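**Q** Coordinates for the following, if possible.
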Amino acid sequence: MDDMKHAMKEHDKVKLNTVRLIKSALMNEKIKLGHELTPDDELTVLNREKKQREESIAEFQKGHRDDLVEQTKAELAVVEAYMPKQLSKAELDQIVQAAIAESGAKTKAEFGKVMKVLMPKIKGRADGKAASALVKEHLE
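**A** Numbers count the residues shown, from 1 in each chain. The predicted model follows:
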């Protein structure tokens, strides 16, 4: 709410609209689940909002809509401001190696076992595609 008020005072329409959309998405999720949102639930909603914007940027770039690309990038920056700090590649690599050791996986056939252990540890702090690529890289 404070960020919404601040965006109104600053006449920052992009931030104001994006914060409103996030707030609305959180409220919809609360209604859908039927209880107060846990931090994990909130992170899930933020990840969904981030992914939507990333996909929109890719589509707008394909359509050569540079005006919409810039606007969506600005919205994405607002969404990312509410998310936890992202893991560096080195930090992610360490967590992937620990998850492989914890799951006892040795081959690519056991990829699912590793991902099951890994994803709760990195939720919201790293891209699933990057994590998946690292797991495949480490498994024989």
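**Q** how distant is stretch 130-140 from the center of its chain?
**A** Here stretch 130-140 is found 19 Å from its chain centre; the criterion is Cα atoms, centre = their mean, to the nearest Å.
**Q** Can you pull up the most central residue in the protein?
**A** Closest residue to the average C-alpha location of the chain: N47 at 3.2 Å, with Cα atoms, centre = their mean.
**Q** Look at the residue nearest to that one when sequence neighbours are not counted and say how many residues are nearby.
**A** Nearest residue to N47, sequence neighbours excluded (Cβ to Cβ, 6 or more residues apart in numbering): G124, at 5.7 Å. Where you see a C-beta, it was placed from the backbone N, CA and C, and this is true even at glycine. By the criterion of other Cβ atoms under 10 Å, G124 has 17 neighbours.
**Q** Angles on the backbone of G124, please.
**A** Main-chain dihedrals, G124, degrees, to the nearest 10: phi 80, psi -10.
**Q** one step back: roughly how far apart are the residue nearest to the centre of the chain and G128?
**A** 9 Å (Cβ to Cβ, to the nearest Å).
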